[in-house]
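Asks: here you go, sequence then predicted model.
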Amino acid sequence: MPIGKQQRDATDGATERKPRALIVYGSSSGTTQKVAEAIVEGLVEEGAEASAIRFDRLALAPGRVAKADLIGVGSPTYFLRPPVYMTDFLNKLPSLAGKRAFVFCTAGMDRPGETLERLHAGLEARGAKGVDARWFRSSMSYWPHRKRGLGNPAGLPDEEQLARARAWGQHLASAQQLPERAPDPVSLATRWKARLVGNAKLRRAVFPGVELHVPPCTGYGQCLSRCSFEALVRVADAEIPIFDRSRCAQCLECVSVCPRGAITSDSRVKEWISTLSYRLGVH
Ligand SMILES: Cc1cc2nc3c(=O)[nH]c(=O)nc-3n(C[C@H](O)[C@H](O)[C@H](O)COP(=O)(O)O)c2cc1C
């Protein structure tokens with residue numbers, strides 16, 4: 001019978017207790033989830049107890065954060081920052097005093113901007129210590145860019161990125177003390193870009209938003225499960241979803257999934273501006 005890592009440590013006399021790790025992630029199109037699962041694999045390979053859960057399911061299992069001694073938080077990058085649902089989640093996290101932690105993000109144009117820094121600061125503010133930070137290349141989920149072939153290609157995170165994630169998981173399981181690792185410094189130019197595109201009012205004016213057309217919407221509802229912002233919701237028994245523009249983060253995920261083409265981007269001019277902003281490196 002093959003000897004397990006923890007047993008081997010025990011026979012070597014080095015019975016270090018492996019961490020109980022919990023990764024909480026946000027993910028609209030599944031890439032951050034893949035990275036989270038690869039980190040879990042790495043942790044488990046090194047003998048840690050580890051699992052990953054989507055941020056919105058954590059409310060159903062509130063005790064899980066308390067039981068973990070190593071907490072990871074993962075997020076996509078939206079407009080050079082974590083999406084609003086992740087910021088809200090961080091603000092509601094219970095105290096992490098005394099827990100080791102790590103943060104990671106995915107970026108579909110290799111421009112994570114302030115995302116890691118903000119996640120890092122969020123966990124430190126909850127009292128976590130030794131917060132480690134990494135970002136991973138992923139495919140581009142922003143619909144206006146995706147349909148024009150801008151940003152990273154499909155198929156990311158590839159095996160190379162997932163191997164990095166697994167190796168990091170192994171490292172996290174073994175390191176008794178995580179050295180404090182601040183995210184790479186963010187340049188002044190990136191800070192200004194993040195401030196510009198992170199401003200919801202300005203973004204609504206300049207970047208494409210969403211229009212829901214009834215008909216052809218028949219209430220099929222695929223958009224509801226893809227909207228992480230509760231901007232599209234079904235009210236009571238009404239068949240047609242309600243669209244709340246004020247909650248919309250303009251990810252346009254709903255546009256990409258509606259089988260009837262009932263949700264469209266609200267302006268071709270804004271799509272053009274968004275493409276130009278990509279070419280100029282603003283977003
Ligand atoms: C609204 C929106 C804005 C985005 N902004 C950025 C960005 O500023 N920089 C970047 O590198 N990627 C950006 N992306 C790409 C996503 O960060 C990337 O595709 C991510 O891996 C998606 O994660 P998920 O599949 O877990 O939802 C953006 C995607 C969307 C939908």
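Replies: That came through fine. Numbers count the residues shown, from 1 in each chain.
Asks: who in the stretch 101-250 of the chain is up against the ligand?
Replies: Proximity of the stretch 101-250 of the chain to the ligand (Cβ under 6 Å from any ligand atom) is limited to residues 106-113, 138-142, 250. Every residue, glycine included, has its C-beta placed from N, CA and C.
Asks: the same query, at a cut-off of 5 Å, please.
Replies: The stretch 101-250 of the chain comes close to the ligand at residues Thr106, Ala107, Gly108, Met109, Arg111, Ser138, Ser141, Tyr142, as judged by Cβ under 5 Å from any ligand atom.
Asks: tabulate the residues you listed (CSV), appending pLDDT, secondary structure and neighbour count.
Replies: Output for these, formatted as CSV (pLDDT from 0 to 100; DSSP: H, G, I helix; E, B strand; the rest coil; neighbours: other Cβ atoms under 10 Å):
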residue, pLDDT, secondary structure, neighbour count
Thr106, 98, strand, 29
Ala107, 98, strand, 22
Gly108, 97, coil, 24
Met109, 96, coil, 18
Arg111, 95, coil, 19
Ser138, 98, coil, 28
Ser141, 94, coil, 24
Tyr142, 94, coil, 26
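Asks: now for the residues you listed: which two are most distant?
Replies: For those, the maximum inter-member distance is 13.4 Å, found between Arg111 and Ser141 (Cβ to Cβ).
Asks: wait, Glu124 sits on Val131?
Replies: Yes - counting by Cβ atoms under 8 Å, Val131 is a contact partner of Glu124 at 5.8 Å.
Asks: pLDDT weak spots in this structure?
Replies: The model of the chain has pLDDT under 70 over residues 1-16.
Asks: how does it divide into domains?
Replies: For the chain, the structural domains run 5-187, 189-279, going by automatic domain parsing.
Asks: most tightly packed of these?
Replies: Of all these, domain 5-187 has the most neighbours on average by mean count of other Cβ atoms under 10 Å, namely a mean of 19.
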